[in-house]
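A.B. asks: need a 3D model of the sequence below.
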Amino acid sequence: MTNNRNTPQILSEVLLITNSSDRHGVAVTKLCHDANISHGRLKKLIVKLTDAGLMNKIEYDGKNTFVVTPRGRVFLEQYKQFSNIVESFGLDM
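C.D. replies: Numbering: from 1, shown residues only. Below you'll find the predicted structure:
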């Protein structure tokens with residue numbers, strides 16, 4: 001068994017971390033640290049998330065930060081439900 005995360009797991013983790021931030025959003029550096037991924041990889045994931053309408057970039061105090069959109073919160077809820085179903089069958093995602 002491996003502990004490597006797949007892309008959907010990492011995307012949902014980035015959204016969870018962002019969603020748990022305050023109303024001013026979360027910075028890239030904190031996302032890199034908390035999600036344990038490189039800055040380069042995170043930048044690519046942020047493009048995917050913003051293009052899908054799951055996350056928005058905002059400027060706060062002159063810095064780019066990110067917040068989860070309502071559509072992103074729906075994604076998180078659906079992902080959590082799917083994850084629970086998979087685990088109920090004794091499978092790993």
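
A.B. asks: confirm that residue 67 sits in a helix.
C.D. replies: No: Residue 67 is assigned strand when assessed by DSSP: H, G, I helix; E, B strand; the rest coil, not a helix.

A.B. asks: that one contacts residue 60, doesn't it?
C.D. replies: No: at 9.4 Å, residue 67 and residue 60 do not qualify as touching, with contact defined as C-beta atoms under 8 Å. C-beta coordinates here come from the backbone N, C-alpha and C atoms, glycine included.

A.B. asks: any common contacting residues for those two?
C.D. replies: With contacts taken as C-beta atoms under 8 Å, 6 or more residues apart in numbering, residue 67 and residue 60 have residue 25 as neighbours in common.

A.B. asks: who has more neighbours out of the two?
C.D. replies: Applying other C-beta atoms under 10 Å to residue 67 and residue 60 shows that residue 67 carries more neighbours, namely 18 against 14.

A.B. asks: can I get the one helix or strand residue 81 maps to in PDB, CA atoms only?
C.D. replies: Counting by DSSP states H and E, the element that carries residue 81 is helix 70-88. C-alpha atoms of helix 70-88 as PDB (Å, rounded to 0.1, in the frame of the first residue of the first chain):
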ATOM      1  CA  PRO A  70     -19.600  28.400  -3.500                       C
ATOM      2  CA  ARG A  71     -19.000  25.900  -6.300                       C
ATOM      3  CA  GLY A  72     -15.800  24.800  -4.600                       C
ATOM      4  CA  ARG A  73     -17.700  24.100  -1.400                       C
ATOM      5  CA  VAL A  74     -20.200  22.000  -3.300                       C
ATOM      6  CA  PHE A  75     -17.200  20.100  -4.800                       C
ATOM      7  CA  LEU A  76     -15.800  19.500  -1.300                       C
ATOM      8  CA  GLU A  77     -19.100  18.200   0.000                       C
ATOM      9  CA  GLN A  78     -19.500  15.800  -3.000                       C
ATOM     10  CA  TYR A  79     -15.900  14.700  -2.700                       C
ATOM     11  CA  LYS A  80     -16.400  13.900   1.000                       C
ATOM     12  CA  GLN A  81     -19.500  11.900   0.300                       C
ATOM     13  CA  PHE A  82     -17.800   9.900  -2.500                       C
ATOM     14  CA  SER A  83     -14.800   9.300  -0.200                       C
ATOM     15  CA  ASN A  84     -17.000   8.000   2.500                       C
ATOM     16  CA  ILE A  85     -18.700   5.600   0.100                       C
ATOM     17  CA  VAL A  86     -15.300   4.300  -1.200                       C
ATOM     18  CA  GLU A  87     -14.100   3.800   2.400                       C
ATOM     19  CA  SER A  88     -17.400   2.000   3.400                       C
END
